[in-house]
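Participant: Build me a model:
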Amino acid sequence: MKLSVDLTVILPAYEEAENLRSLLPSLREAVEALVPQYEILVVDAISPRDETPAICASEGVRYVARQGGENYGHAIRTGIAASSGRHVVIMDADGSHNPVFLRSMWEKRDEADLVIASRYINGGKTENPAVLIFMSLIVNVVFRLVLRLNCLDVSNSLRLYRGDDLRSLELRCDHFDIVEEILVLLCCRTRGYRVCEVPVTFEVRKAGKTKRQLLAFAFSYVVVLCRLWALRRRTLRNIGVL
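Facilitator: Numbers count the residues shown, from 1 in each chain. From the prediction side, this is the model:
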């Protein structure tokens, strides 16, 4: 079936009305400058917790209620299932991902199967506090080495995917680890899978509170690493590499 939507943008959102109010106009402008046919999906909580539905209606973007649970992973799976674009971008709704970087990512769409907005290649940076940058660097280095991933930024969720690749995945992670789960599955199940990184600035959230619990987040990633290592081995075994 031929897809009529060039680009789907998925924004997982949970009590992000204040950020969406300022983000959606600039996002629409950025996407309209790239493609004629697009859709923007705001994946909210199971039941509305703020003014997000009204803001989506006023901005002309699609409101989607989260399915299966209230976690980040549920939002990602819901958004992917609802998407119809030949290409799909997933980005944060808190203002940390500036839509201005979509152009440089879009320009690389024919050179790679996956385009990652990277904080850790030349030209990229993050505005987070030093402690968060340090923890992020540790996670990225360890995950990249243990999982043998050919990219420097494995944990930034701002990425441009081929829509059919993304919709074919069976994703099981319920939390922020779904970002790494997607990367492991895509890179391991297809030989010669092409990954490209473009530099971006990761900005601080514009309003509201982060949903991440820092200490629990750090410890959980040890468990996540073990689970993804096993997933990588199963995936490689299934395609006859191991």
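Participant: pLDDT-wise, which helix or strand of this protein ranks last?
Facilitator: The helix or strand of the chain with the poorest confidence is helix 214-238; it has a mean of 83 (mean pLDDT, DSSP states H and E).
Participant: Show me what it is in contact with.
Facilitator: 132, 135, 139, 142-143, 146-148, 173, 175-177, 180-181, 184-185, 188-189, 242 (C-beta atoms under 8 Å, 6 or more residues apart in numbering). Glycine gets a C-beta too; all of them are placed from N, C-alpha and C.
Participant: Buried ones in that helix, by neighbour count?
Facilitator: 217, 221, 224-225, 227-228, 231-232, 235 (16 or more other C-beta atoms under 10 Å).
Participant: nearest spatial neighbour of the residue minimising distance to the centre of the chain, skipping sequence neighbours?
Facilitator: Central residue of the chain (C-alpha atoms, centre = their mean): Ser157, 3.0 Å from the mean position. Distances taken as C-beta to C-beta, 6 or more residues apart in numbering place Val179 nearest to Ser157, at 4.8 Å, with adjacent residues excluded.
Participant: quick check, the one you found in a helix?
Facilitator: Yes: under DSSP: H, G, I helix; E, B strand; the rest coil, Val179 sits within a helix.
Participant: For it, give its distance to Asn140.
Facilitator: For Val179, the distance to Asn140 equals 11 Å [C-beta to C-beta, to the nearest Å].
Participant: thinking again about what came up before, state the pLDDT value of the residue nearest to the centre of the chain.
Facilitator: Per-residue confidence (pLDDT) for Ser157: 96.
Participant: Provide a list of residues in contact with it.
Facilitator: Ser157 neighbours (C-beta under 8 Å, 6+ apart): 90-92, 97, 176, 179.
Participant: repeat for Arg103
Facilitator: Arg103 sits next to 30, 33-34 when contact means C-beta under 8 Å, 6+ apart.
Participant: just checking, which of those residues belong to helices?
Facilitator: The helices, defined by DSSP state H, take in Ala30 from the contacts of Arg103.
Participant: okay if I get the contacts of Arg103 as CSV plus pLDDT?
Facilitator: What follows is the contacts of Arg103, written out as CSV (pLDDT from 0 to 100):
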residue, pLDDT
Ala30, 98
Ala33, 97
Leu34, 98
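Participant: want to try JSON lines for the contacts of Arg103, with neighbour count and distance to Ala81 as columns?
Facilitator: Output for the contacts of Arg103, formatted as JSON lines (neighbours: other C-beta atoms under 10 Å; distance: C-beta to C-beta, whole Å):
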{"residue": "Ala30", "neighbour count": "17", "distance to Ala81": "24"}
{"residue": "Ala33", "neighbour count": "11", "distance to Ala81": "27"}
{"residue": "Leu34", "neighbour count": "17", "distance to Ala81": "24"}
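Participant: quick one, strands of this structure?
Facilitator: For the chain, applying DSSP state E gives strands covering 5-12, 38-44, 62-65, 85-90, 114-118, 125-126, 159-162, 195-199, 201-202.
Participant: Give me the distance between Glu39 and Ser84.
Facilitator: 7 Å.
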